[in-house]
Each structure stands twice: as structure tokens, then as C-alpha cells.
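Visitor: quick one: sequence and predicted model below, then my questions.
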Amino acid sequence: MLDFGGLGAWLSNPENWAGRYGLWNLVAEHLCLTFLAIVIAAIVAVPIGVAIGHFGRGEFLVVGLGSFSRAIPTMGLLFALVLVMGIQFRELSVVLALSAIAFPPLLAGAYSGVTTIPAWIRDSATAQGMTTGQLVRHVELPLASASIIGGFRIAYIQVVSTVVLAPLVGLGGVGFGIIQGLALRNFPQVTASSLVIIVITVTGDRVIGLFQRLAGARLSPPTPLEKS
Amino acid sequence: MEWFIANWTFVAGLAATHLSVSVGPIVVGAFLAVVSARITPPRWVNPTRGVLGAIYAIPSLALFVTLPVLIGTDFTGPTNVVIALTIYVIASMYFSAHDSFTQVPRPTVTNAESMGMNSWQVFVHVELPMAVPGLIAGLRVAAASTISIASIGAVVGVRNLGYLFIDGFQRKIPEEIITGILAICVIALTLDVGLWLVGRLMTRWRFVRVDHA
């Protein structure tokens, strides 16, 4: 059962927070991997998603990728890419695998944000003489922002969860404490690490959710939060 | 492909374990999600959504190893995985289940009531059938992600298809990992098509063509 004494002792021991495999460093590594992967995926996915929504072509790509990606186990994708790309490029292959995981939700968020804008809004923008570039920059992107941020939210949850498995392919991240703790039967370490992971994930989800609500409230009546 | 042919009995055994730890949570979780979505009082809906949304965001490995601390089970073994997967199914299906029930048209329910149905009859004969398309859509999403998440159970000692990832990585056999990915995809997509078919068969009236005069 819940061993508060052991957990408290582990968490209050400064040795467990400092050094290469200390919690601070592992948390920083965890967040770095997550942000790097999401940024790389977003640079590719968001423009493509906005373009598909704007021109109304290639929807099958978004829908197909969305339903197919749910069936693909992220763990297998991570392991396969690291093994195929080689152990010496471990960091690069892990980030690429994580970007691949972040890609479908980002694409879907950008696409659905643009495609759900009512036709009359676009028509009135065009009727006022806006060029395509102006239409995208001043009308479609602001109106789609809540949905685009929603895509980031789902991508964050998926990527941050998958980074937990990174120690299995030889990288760090807070999952290290779970894997090492399970192997050494050091259960306070396992519990403390998973608590830190839960805090990181849930806080991130709430913070992005806040931005999503702000973006939505600024421009349109409130809509229910999107959930994968 | 050669690796799969040489080891197919091994893979089949892992697939059987994989199904045995994921089908139960899908069925039980779907039932609990539908029941709780229907009986939540309106003012509790948003708080429930918030809590379930937070639970859904918890990474599966973290949940697998937190459960033993909370309920006193062993750290390794299938029990935590089964419980955690059930929680995920409830958390992911609650949203769509609740929406499916609120989207049943009010006039339809009022008609049924004025024909003398009691609330249980209205639920079984009107609300539930009308909600089936939405429920099935939510269940398909939950089922596909459950099959895929179950593989992470291999890290805590459940020998399912996820074991192929760990073993294949340690022994440097890419074919083994790819076999695992494809096997999980095939199971998830089969389940998806099966549920789609069940949904269609349960709501035959939606596909009857009526030629109005």
C-alpha cells in the first residue's frame, strides 16, 4: 500500500535530485525531447493542415492518417526507428520518432480549424478584396487558432507519454526512474518518478488547455474542448 | 516476413495474451462509461469531464506503476494493466457517450413518454438505440487505442505483443519489432471494422431507403 515514509524519504534526499540521473536533469531532458519533437512536427504539419483546409483537397490524408495512427503502437514506432537508424544517432532517431507521433494530431487540429470556418466568413473577406495570403493570415489562422492549439494539446500528451519509454532505448527522461526502480525493486523511486511524470503531463495539458480556451474565447462563442 | 513465418506460433501466443488483457477492459470500460455518462447529473458533467480528462492524460506506464501503490497490487503482472486500461476506456468513452445521449432529440423522448413508456422503457427502446451510432464511434476510438496502449504492459512484465518490441530491440532484430507493430495494427483494424459492422447491424433502420410519395 501507499508507503508515504519511503516516498517522502526518497523525495527529500537531495542525492536523488542532483547529477546526471537526478530528477532535475531528467525532467529537463524529458521536456527538451518533448518540445523539440513537437516543434519539428509542427513546422511541417501545421502549414500542410492549413493548406489542406484552405484548398479543400486531400482531406482523405488527414482522416486516414488520423484513424490509422491510433492503431499504431507508439512504443513500437519508437523502438523500430531507433534500431533501424542506428544506436549512434540515438537522440536524432528518438526525436524523429516522437515527431512522427506528434504529426497526425497537429495536422488534424490545423485542418479542422480551417475547414470548419463558415463559408460566408471567407466569402466576405474575399469580397472585401483580401488576397489569399491576407485571407489565410488575417482570417483563417486567427479563427483556427483554438483548434490548432487543441492539436498541440493532444500532441503534447502523446509525446510526453512516449518519452517515458525513452530509457528503454538508452536515453534519459523521468521514465528512467520507473525502469531503473522496477529493475532494482526500488519502489519509492518508481512511485516518485511516476508522480513527477503525472504532474508534468497534467500540468502541461491544463496550461495548453488554458491557452486554447483563451484563443477560442477571444474570437468566437465558447466551444467544447476537443479530445482525441 | 521470414521472421514471422519462423516464429508464428510464438507471435500467436503473444497475440492471445494481448487480446486477453485488452478485450476485458474494452467491454467493462465501455459498459461503465455508458452507465456513468447516462446517470451523471447535469451539474456534475463538467467536473467529471475535467477529472477524466486529467486521468486520460496520464502516461500509461506511470499509471501502471502508480496503481500498485494505491490499491496494493503487485508492481508487475497483468492486474494493474487490466485496471489501468479499463480506466482509460472509461475516460476516453465518457465524453462521446455523454454527447450521444444529449444529442437524442427531445421530441422523440417526449413522444415515447406520451405513448405511456416509463423511463426505463424510454431508455432501452428509444435513447439507447438512438445513441448507438455515437456510442459505437466512441468505442471504436477507445478500442483501437486500448489495443495499442496494451503493448506498454510488456514493460511491467505482461508477455503480450509489446514483448516483441523489447526483445527485438535487445536482440537487434528489426523484423521482430515490425512484426509486433503490424500484428497490433491488424488486431486494432479488425476490431475497428467489426465494431463498425456491429453498429450498422444494430441500427438497420438508418439504412432503409424510404421513397416518399
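Guide: Looks like it came in fine.

Visitor: in the chain, which spans are helices?
Guide: You didn't pick a chain, so chain A it is. When assigned using DSSP state H, the helices of chain A occupy the ranges A:4-12, A:23-55, A:59-71, A:74-85, A:90-115, A:119-127, A:132-134, A:141-163, A:175-184, A:187-219.

Visitor: my bad, chain B
Guide: Counting by DSSP H, chain B has helices at residues B:2-6, B:8-39, B:42-57, B:60-71, B:78-102, B:106-114, B:119-122, B:128-150, B:163-170, B:174-202.

Visitor: out of these, nearest to residue A:60?
Guide: Of all the helices of chain B, the one in closest proximity to residue A:60, counting by Cβ to Cβ, is helix B:174-202 (16.6 Å). Placement of C-beta: from N, CA and C, glycine included.

Visitor: list the contacts of the lowest-mean-pLDDT helix or strand in chain B.
Guide: Of all the helices and strands that make up chain B, helix B:2-6 has the lowest average by mean pLDDT, DSSP states H and E, namely a mean of 83. With contacts defined as Cβ atoms under 8 Å, 6 or more residues apart in numbering or on different chains, helix B:2-6 is touched by B:11, B:173, B:175-176, B:179.

Visitor: weakest of the helices of chain A in terms of mean pLDDT?
Guide: Comparing mean pLDDT over the helices of chain A, the weakest stretch is helix A:4-12, at a mean of 79.

Visitor: low-scoring pLDDT stretches of chain B, where are they?
Guide: Counting by pLDDT under 70, the ranges of chain B that qualify are B:213.

Visitor: tell me how many other residues crowd the closest residue to residue A:70 other than its chain neighbours.
Guide: For residue A:70, ignoring the flanking residues on the chain, the nearest one in space by Cβ to Cβ, 6 or more residues apart in numbering or on different chains is residue B:144 at 4.4 Å. One way to gauge burial is a neighbour count; for residue B:144, by other Cβ atoms under 10 Å in any protein chain shown, it gives 25.

Visitor: ok, now which ones touch residue B:144?
Guide: With contacts defined as Cβ under 8 Å, 6+ apart, the neighbours of residue B:144 are A:67, A:70-71, B:188-189, B:191-192.

Visitor: and the nearest residue to residue B:93 once chain neighbours are set aside, how close does it get to chain A?
Guide: What sits nearest to residue B:93 in space, not counting adjacent residues and going by Cβ to Cβ, 6+ apart, is residue B:33, at 3.7 Å. Taking Cβ to the nearest Cβ, to the nearest Å as the measure, residue B:33 and chain A are separated by 13 Å.

Visitor: residues touching the residue sitting nearest the centre point of chain A, list them.
Guide: Central residue check for chain A by Cα atoms, centre = their mean: the C-alpha nearest the mean position is that of residue A:156, 1.9 Å away. Neighbour list for residue A:156: A:34, A:38, A:204-205, A:208 [criterion: Cβ under 8 Å, 6+ apart].

Visitor: got those as JSON lines, with distance to chain B and neighbour count columns?
Guide: Shown next, in JSON lines, are those (distance: Cβ to the nearest Cβ, whole Å; neighbours: other Cβ atoms under 10 Å in any protein chain shown):
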{"residue": "A:34", "distance to chain B": "11", "neighbour count": "25"}
{"residue": "A:38", "distance to chain B": "15", "neighbour count": "25"}
{"residue": "A:204", "distance to chain B": "8", "neighbour count": "17"}
{"residue": "A:205", "distance to chain B": "4", "neighbour count": "20"}
{"residue": "A:208", "distance to chain B": "10", "neighbour count": "19"}
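
Visitor: so which pair among the residues you listed is furthest apart in space?
Guide: Spanning the widest gap among the contacts of residue A:156 are A:38 and A:205, at 13.3 Å by Cβ to Cβ.

Visitor: hmm, back to that, could you dump the helices of chain B into CSV with distance to residue A:56 added?
Guide: Conversion of those to CSV gives the following (distance: least, Cβ to Cβ, whole Å):
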stretch, distance to residue A:56
helix B:2-6, 41
helix B:8-39, 34
helix B:42-57, 31
helix B:60-71, 37
helix B:78-102, 26
helix B:106-114, 34
helix B:119-122, 41
helix B:128-150, 23
helix B:163-170, 39
helix B:174-202, 26
